[in-house]
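J.: Predicted structure and sequence below. I'll ask about it afterward.
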2 protein chains.
Amino acid sequence: MLDVSAMTDTNLTMSVAQLGARVGLRPDTIRYYERSGLIPPAPRTTGDHRRYGEDAVDRLRFIQGAQRLGLRLREIADLLAVRDTGNCPCEPAEQLLRHRIIEIDAELARLTALRADLVRMADALPGNGPPDPEPGKWCPPEMRR
Amino acid sequence: MLDVSAMTDTNLTMSVAQLGARVGLRPDTIRYYERSGLIPPAPRTTGDHRRYGEDAVDRLRFIQGAQRLGLRLREIADLLAVRDTGNCPCEPAEQLLRHRIIEIDAELARLTALRADLVRMADALPGNGPPDPEPGKWCPPEMRR
DNA sequence: CTTGACCTTAGAGTGCACTCCAAGGCCTAC
DNA sequence: GTAGGCCTTGGAGTGCACTCTAAGGTCAAG
């Protein structure tokens, strides 16, 4: 078995573009996150190019998950501070975590409800069931493309 | 029992601000949604004020749920077109719905994973368990406020 | 050692979803 | 009938999260 020493990945093999490709982000976005304090300044090569290890992938995935919760980057930064240091610059860490967990539960409920709506809509589609829509209802304007 | 006649709510009791208060949106936002084709043009009083019934609350809640999924307003409009008319101006309705349901499932998985992360972080907090963070790690800059 | 793809920076630009503004009109409680 | 709060419109402004640009430097395959 490999000895993955400590918490920081010392195998710095990825460029900023390669890291981005791993998680579906552009290099610019990753540099923007660094500027914004979401990720630590990356170690550099002698020629000043950023190098990343696997741990950066985890961090970006965490950020993406938090973003899907609807958090702003500054709020995600607070969450990452808890992850990194065990406390938060603005409020008790445990309180913050509890708060966010409750939000996730609410969000899970909302999404589950939306899912049920969509399933119901799919079932009601012509070919799948009775309730054809009545004609003459308002239709959204077709200003597409 | 009350006869709630047909699909369209004929009890138009709410002003745009009252409707907004019901779902946590500002009047401007609701008018913006109307302009964007997400909600049908509201019936007006003789003095040209919008009036809404309960069905508008449902529609806005649906929009809010879809937004939490990360959909753009134009994509939500397509979903609403399916809801209203049974088909979509741009792609087969059933395909669209299946696609969105799969997205929701992926999102539920992501949020569940994030929730587990946060619970783990809460458990690791000083007072709750062993793994105190080592000092000397990078801390995000405190450029708050 | 060259070549071409990728990297660096600061700063400007984009797209989305609001959010506000000004000038004027409506509605309802008194 | 009138006062004050809410309504109307078109258009401008805001905040966020990117996303792009220009001018130049680095990296690694051949």
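T.: Ah, there it is. Residues are numbered from 1 along each chain as shown, chains lettered A, B, ... in the order given.
J.: Pull the contacting residues for A:T45.
T.: A:R51 (CB atoms under 8 Å, 6 or more residues apart in numbering or on different chains). Placement of C-beta: from N, CA and C, glycine included.
J.: what about the residue most central in space within chain A, helix or strand, and which?
T.: Centroid-nearest residue in chain A, with CA atoms, centre = their mean: A:Q64, separated by 1.4 Å. Using DSSP states H and E, A:Q64 sits in helix A:54-68.
J.: Check which helices and strands that helix sits against.
T.: helix A:16-23, helix A:27-35, helix A:73-85, helix B:93-123 (3 or more CB pairs under 8 Å, 6 or more residues apart in numbering or on different chains; DSSP states H and E).
J.: now those as a markdown table including distance to B:A81?
T.: What follows is the helices and strands packed on helix A:54-68, written out as a markdown table (distance: least, CB to CB, whole Å):
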| stretch | distance to B:A81 |
| --- | --- |
| helix A:16-23 | 33 |
| helix A:27-35 | 32 |
| helix A:73-85 | 33 |
| helix B:93-123 | 8 |
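J.: tell me the most buried of those helices?
T.: Across the helices and strands packed on helix A:54-68, the average number of neighbours (mean count of other CB atoms under 10 Å in any protein chain shown) peaks for helix A:73-85, which reaches a mean of 19.
J.: tell me which strands and helices that one is in contact with?
T.: Applying 3+ CB pairs under 8 Å, 6+ apart, one finds that helix A:73-85 contacts helix A:54-68, helix A:93-123, helix B:93-123.
J.: Out of these, the one nearest DNA strand D is which?
T.: helix A:54-68 (6.2 Å; CB to the nearest atom of the strand).
J.: Just the buried residues of that closest one, please?
T.: Neighbour counts over helix A:54-68 (16 or more other CB atoms under 10 Å in any protein chain shown) mark A:A56, A:R59, A:L60, A:R61, A:F62, A:I63, A:G65, A:A66, A:R68 as buried.
J.: What sits closest to the first one if chain neighbours are left out?
T.: Read that as A:A56. A:L19 (5.6 Å; CB to CB, 6 or more residues apart in numbering or on different chains).
J.: Which residues are in contact with that neighbour?
T.: Per CB under 8 Å, 6+ apart, neighbours of A:L19: A:L25, A:I30, A:Y52, A:A56, A:V57, A:L60.
J.: Residue of chain A nearest DNA strand D, please.
T.: A:G47 (2.1 Å).
J.: List phi and psi for that residue.
T.: phi -90, psi 10 (degrees, to the nearest 10).
J.: residues near it, how many?
T.: 5 (other CB atoms under 10 Å in any protein chain shown).
J.: Leaving aside the residues adjacent along the chain, what's closest to the residue nearest to the centre of chain A?
T.: In space, A:Q64 is closest to A:V23, 6.7 Å off (CB to CB, 6+ apart).
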